[in-house]
Every structure is written in C-alpha cells, then in structure tokens.
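Enquirer: Sequence and computational prediction follow.
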Amino acid sequence: MNRAFSVKSLLVAVLAISGAASAAEHAAAPAKADAAKGATLYADGDNARGLPACVSCHGASGNSTIAANPKLSGQPEAYLYKQLVNFAGPSRNNPVMTTYAKMLTDEEKKNISAYLSTQATKAGAAKNKDTVELGKKIYRGGIAEKNVPACASCHGPAGSGVPALYPRLAGQHQDYTSAQLTAFRGEGRKNSAEMTTISKRLSDDEIKAVSDYVAGLK
C-alpha cells in the first residue's frame, strides 16, 4: 500500500515538474516581431524620446535616395536586427547609427527589422560601362590569383543575400557598397572577419567595379 502510494506520488511529482518546465518554456518564448509597430517607428520616430524617424535618412519603405545611406528595403530581417545590435555595441561604429541604435529597445530593433524586410527594393543600375565586366567577373567568379571568392557564393547569384548571414546587395547604392568594403579593409568596420579578410585582397578599382556591378542586379 505504501509502495503504491509512493509510486503514485512520484508520478504526480514528475508530471508537476514537467508541466512547470513546459510553462516556463512557453513564458520565455520570444515575442514575435510586430512589423506594424516597426512601420510606425520607421516613419514617425518618437518625439517624446528624441528618437528620429528612419525615413528621413533611408527613404520611404527603406528605399534611400541618398547614395551614402543604404537601401534597407528587402534586407533579411535577422540581418537587419544584427546590424542594429552591432551598432549599439563596439563592433560597428557610426556617429548617427550608433546613437540611434542605443536609443532603441531590443523589441523596437526587431519590429523595425521585420517591417523593412517585407518592403520591395527599387531597382538600381550600374553606371560605369567600362568596369561592368570586371565587376561581373569578381562577383560571379572571384579572383583566383588573390584568393578572393565569388561574391555570389555567399550573397547569391542575384544578390538577394542569406537571412542572418549575408545582406542583400542587389540594387544597393554604389557609393555605400564601396564605402563598406573600404571600411572592412581598413578595419573601420569590425563585425565580419570574413569580409575584412576578403576586402583586404581587393584594390580600389576592384572595389569600385564590383560595387557598381551589384547596383544593377535585380
């Protein structure tokens, strides 16, 4: 009788612990990003906190018309979130973005990223016909003698990127892409050891050529 009671008590205890663990997991599950809230914050900012609207620099729906500022539309959600986290930390420093990212809560970073990832990117175009073939060669085949891999091997043949890992390059402003490759090369940007290594193997002309080529990818 006592043994039966003990077994029954043990089973009840196990079930109780299991139920508590399940409830804890459910409670700890991260909230899903709210793209609608992200859209509002992107378009309006938050005057009460002195938080500027992203649209003023990055354009409607993330389609920046300023060559020095990146197009954010259509970027992988996880990648955008990672960059905002990096800006708030030591691995990626920018006078404007670092200040802004530090003002955002983690939830707001996720909401803005969710919104931008759903927006369509306006097409760009290559501008320098004299270097487009060199840019194409580097992007599609790399530079074997310099041990530079094909950009397409990570960013995709159409430059669409890979969620959380590699950004969308298709349609991006030439000036912005070139500036980032140069920053990686000079270690002014330190949030990708892979890109730091690759960019150090590229000349100024090669950086400009591949940056111009990806602007025309669709």
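Expert: It's in. Residues are numbered from 1 along each chain as shown.
Enquirer: For the protein, just list every one of the helices.
Expert: With DSSP state H, the ranges of helices along the chain come out as 2-28, 35-44, 55-58, 77-88, 95-103, 106-117, 132-141, 152-155, 174-185, 193-199, 204-215.
Enquirer: Figure out which of these is closest to P70.
Expert: Evaluated with C-beta to C-beta, these place helix 174-185 nearest to P70, the distance being 4.7 Å. From N, CA and C alone the C-beta is placed, and that goes for glycine too.
Enquirer: residues in contact with the closest one?
Expert: With C-beta atoms under 8 Å, 6 or more residues apart in numbering as the test, helix 174-185 has contacts from 67-71, 124, 126-127, 169, 188-189, 192, 195-196, 198-200, 202, 204, 207-208, 210-212, 214-215.
Enquirer: same deal with stretch 190-200?
Expert: Contacts for stretch 190-200 (C-beta under 8 Å, 6+ apart): 82-83, 86, 90-92, 148-149, 181-182, 184-185, 187, 189, 207.
Enquirer: Tell me the one of those nearest G62?
Expert: For those, the nearest to G62 is Q83 (12.8 Å; C-beta to C-beta).
Enquirer: Please report the distance of the closest one from A123.
Expert: 23 Å (C-beta to C-beta, to the nearest Å).
Enquirer: between the two, who's got more neighbours?
Expert: More neighbours surround Q83 than the other of Q83 and A123, with 21 against 12 (other C-beta atoms under 10 Å).
Enquirer: ok, now how distant is the more buried one from E77?
Expert: The gap separating Q83 from E77 is 11 Å, by C-beta to C-beta.
Enquirer: circling back: what would the helices of the chain look like in TSV with distance to V162?
Expert: Supplementary listing: the helices of the chain in TSV, determined by distance: least, C-beta to C-beta, whole Å:
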stretch	distance to V162
helix 2-28	28
helix 35-44	21
helix 55-58	22
helix 77-88	8
helix 95-103	22
helix 106-117	13
helix 132-141	15
helix 152-155	7
helix 174-185	17
helix 193-199	12
helix 204-215	15
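Enquirer: Reformat these as JSON lines; add distance to L165 and mean pLDDT.
Expert: What follows is these, written out as JSON lines (distance: least, C-beta to C-beta, whole Å; pLDDT from 0 to 100):
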{"stretch": "helix 2-28", "distance to L165": "25", "mean pLDDT": "44"}
{"stretch": "helix 35-44", "distance to L165": "21", "mean pLDDT": "98"}
{"stretch": "helix 55-58", "distance to L165": "22", "mean pLDDT": "98"}
{"stretch": "helix 77-88", "distance to L165": "7", "mean pLDDT": "97"}
{"stretch": "helix 95-103", "distance to L165": "20", "mean pLDDT": "96"}
{"stretch": "helix 106-117", "distance to L165": "14", "mean pLDDT": "98"}
{"stretch": "helix 132-141", "distance to L165": "17", "mean pLDDT": "98"}
{"stretch": "helix 152-155", "distance to L165": "7", "mean pLDDT": "98"}
{"stretch": "helix 174-185", "distance to L165": "15", "mean pLDDT": "98"}
{"stretch": "helix 193-199", "distance to L165": "10", "mean pLDDT": "97"}
{"stretch": "helix 204-215", "distance to L165": "17", "mean pLDDT": "98"}
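Enquirer: Thanks again, I'm all set now.
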